[in-house]
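Enquirer: Structure for the following, please:
(one chain, ligands or ions: 1)
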Amino acid sequence: MAVEKEKPEKEVKMADPIKASIDVASQEMISRAQKLGVETIFDRAEKMKPCNIGIQGICCKNCAMGPCRLPLPKGGIQGEDERKGLCGATANTIAARNFIRMIAGGAAAHSDHGRSVAEVFISAARKETDAYQIKDTVKLVEVAKHLGIATTVEVDGEELDRDLDEIAVEVGEVALGEWGKAEGELLYLKRAPKPRYEIWKKQGVLPRNIDREIVDIMHRTHMGVDQDYKNLIKQGTRCSLADGWGGSMLATDLQDILFGTPSPLQSEANLGIMKEDHVNIIVHGHEPVLSELIVAVAESQEMIDYAKSIGAKGIQLGGICCTANEMLQRHGVPLAGTFLQQELAIITGACDAMVVDVQCVMQNLANVAKCFHTKLITTHPMAKMEQDNVLHIEFDEHHALEDAKRIVKIAIDNYKKRGADVMIPQHKAAQVAGFGVESIEYHLGGSFRGSYYTLNDNIINGRIRGVAGVVGCNNARTRHNEQHLLICKELIKNDVLVLTTGCTAIACAMDGLLAPETAAAAAGPGLAEVCETVGLPPVLHLGSCVDNSRILLAATEVVKAGGLGNDLSDLPVAGSAPEWMSEKAISIGQYFVTSGVYTVFGVTLPTSGAPVFHDYISKEFENIYGGMWDVEADPIKHAQLMIAHIDKKRKALGIDRARERVLMDMADRQALQG
Ligand code: NFS
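Expert: Below is the predicted model of the structure:
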């Protein structure tokens, strides 16, 4: 009889908490998860490495003859690149197809979010629901003008203001039309500086409607259609513009009108915002339509009293991902954490309910929730989970208030079921968030003389070297939050004002970079001086990822204020996504770049296996759009690339010499305050 050899026990790879995250609260929770035997994304990242071919963008799986994998030959390409798929598709075609499919995915996610908001907006405007009302009528009138809707009416030769309810209905209808109108081009494109619009027109990339550009990509990248990488990425541009200057911008505007335009407020960030003696409810995802009501219900006396009646001291809300940013910027709801902290919030043992909607929600949440008492509640018809411990309460604007009440009540009832083993990491930081085009203007000049001139002046005189938009995700292939923070710190140290959104904004909040005191402690002398004078932090939180549209519009205001060129590509600005991972980030990168912004991605780009295509978007694009892609994983080099571009633009504008004066005298200070 054969003796069975004993197999050596397989070593289970686990993450090293210190190497996995720069954040102490997260380190503590990763260790706790490992002790409790609960697996997290950090451990999975150790167990599974990414596919080396896929990561380079050179695996085609668009038909069943493949997947065709086209690795770079050892020693690089010598002479002609002979790599081909079965149909003959080259590496450049494959990488371009994959790249623009990512853009389609990202634009679809942002824009469909915008569509959901537009639908709720119309219901509210038509008064079909009493859960929502129009909050910001000033912005309503402003947006109406951009959509070509009359805001006044002539009565007996007199020009009178039009009824706001009427305007609201029309805004909703015209906005919704942007997704599928049969003719014309997107209305918001004309909000860009004129020279930028003309570049898009000349290149033939003006989006027709939002949905069409996404469908176009899916058709064009089907087997055997578009085979020219330049033509493929041209459609990628058109689709990304339909996101940035279309779906995302409409999402931001309609949310501001419906829920209120954000203005700076104080709050806190990190898992330490959860409270042991409170009912903790975490909202997670992206669309704020239901979470808005959860906040209202959780703050109602009725629910607070109910929570007290079962022995809790109150209700603590917290947010993860961009729903968090939405609730923060309008209501001051503290941030519980970034994308990579969603499992960790449950591992505290103190999360009584996690309410998720769409995007960036990990499938493993249900497995983690199973190990604790947490009620995991899905709310979107598009995003369900199969596990039986997950509750689905589907959002509908017509009974949204009842849904919100039901959810909050479930969380309160669940508080009693908490196990004894609760561990909330005692780490959090203070922050000021809620900036936007309007509030930056106000901060810079006060309510009566708000304008971007002050910002432009300080860029021209060199106190502010330039402006950077640092945005995007966490990626489990890099140390959590480290790249975000090192890049932002390097930028502000060099007098670059940072505008941030998404998970970068959350990372900055957790580290205290969004506190005004940070200016004196970490910013260069010029930037610190300006920030301290006007009371701004050196890193400004502009909201969620759809709110990158705020960055586009803020940059447009800078162009309009004068003295820094005529187009977005003339400005001393740069973009960055240090720890990106989602398709949405690729769409954002593409519309930043084609709006004229030099944009650097961290981690890696799925173009490295197709050098000709990569060179086209990282070099040739500068000649076409004035902006181009770059990739740099080292955070300091990454920031220095951005600074070098900013300096290049300063030189072209003839304002490079102003920075030679670093020290400020009394006259300078007075000029700054005047
Ligand atoms: Ni943006 Fe916001 Fe975060 Fe990345 Fe996900 S939450 S939409 S995609 S992970 S920044």
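Enquirer: element containing the closest residue to L160 other than its chain neighbours, please.
Expert: Leaving aside its sequence neighbours, L160 sits nearest to V153 (CB to CB, 6 or more residues apart in numbering; 5.7 Å). The C-beta positions use only the backbone N, C-alpha and C, and glycine is treated the same way. Element membership of V153 [criterion: DSSP states H and E] is strand 152-155.
Enquirer: Please apply the same query to A107.
Expert: Short version: A107 belongs to helix 91-125, going by DSSP H and E.
Enquirer: if you average pLDDT over the helix or strand hosting A652, what comes out?
Expert: In the assignment (DSSP H and E), A652 maps to helix 635-653. Here helix 635-653 scores 98 as its mean pLDDT.
Enquirer: repeat for stretch 573-591
Expert: Stretch 573-591 carries an average pLDDT of 98.
Enquirer: before we move on, back to that, now do the helix holding A107: which elements does it pack against?
Expert: strand 59-60, helix 164-180, helix 210-220, helix 229-242, helix 248-259, helix 288-298, helix 583-594, helix 611-615 (3 or more CB pairs under 8 Å, 6 or more residues apart in numbering; DSSP states H and E).
Enquirer: Quick test: name the residue nearest the centre of this structure.
Expert: Of all residues in the chain, the one closest to the mean position by CA atoms, centre = their mean is C545, 2.1 Å from it.
Enquirer: can you pull the contacts of that one?
Expert: By CB atoms under 8 Å, 6 or more residues apart in numbering, the contact list for C545 reads H110, S248, H286, C322, V471, G472, T501, G502, K584, I588.
Enquirer: repeat that for 10 Å
Expert: Each residue near C545 by CB atoms under 10 Å, 6 or more residues apart in numbering is listed here: 106, 109-110, 113, 248, 251, 286, 321-322, 325, 359-360, 471-473, 501-505, 582, 584-585, 587-588.
Enquirer: filter these by proximity to the ligand?
Expert: H286, C321, C322, C360, G472, C473, G502, C503, S582, K584 (CB under 6 Å from any ligand atom).
Enquirer: The closest residue to the last one other than its chain neighbours: how many residues sit nearby?
Expert: Meaning K584. When the adjacent residues along the chain are set aside, K584 lies closest to G106, with 3.8 Å between them (CB to CB, 6+ apart). Around G106 sit 27 other residues, with neighbours defined as other CB atoms under 10 Å.
Enquirer: Tell me the confidence at G106?
Expert: The model reports G106 with a pLDDT of 98.
Enquirer: and it, what does it touch?
Expert: 214, 239-240, 243, 248, 359, 545, 582-591.
Enquirer: Wait, E28 touches L271, no?
Expert: Yes: if you go by CB atoms under 10 Å, E28 and L271 touch, sitting 8.5 Å apart.
Enquirer: Name the residue in these two with the higher neighbour count.
Expert: Taking other CB under 10 Å, E28 and L271 do not tie; L271 has more neighbours (31 against 21).
Enquirer: who are the neighbours in contact with the more buried one?
Expert: 23-26, 28-29, 282, 318, 320, 335-337, 341, 344-345, 347-348, 350-351, 423-428, 510.
Enquirer: circling back: model confidence for the residue nearest to L160, exactly?
Expert: Per-residue pLDDT puts V153 at 93.
Enquirer: Would you mind naming what in the stretch 451-600 of the chain lies close to the ligand?
Expert: Residues of the stretch 451-600 of the chain lying close to the ligand by CB under 6 Å from any ligand atom are G472, C473, G502, C503, S544, C545, S582, K584.
Enquirer: Between those residues, which sits nearest E82?
Expert: Nearest to E82 among these is S582, at 33.6 Å by CB to CB.
Enquirer: H398 belongs to a strand?
Expert: No: for H398, which was evaluated using DSSP: H, G, I helix; E, B strand; the rest coil, the result is helix, with no strand membership.
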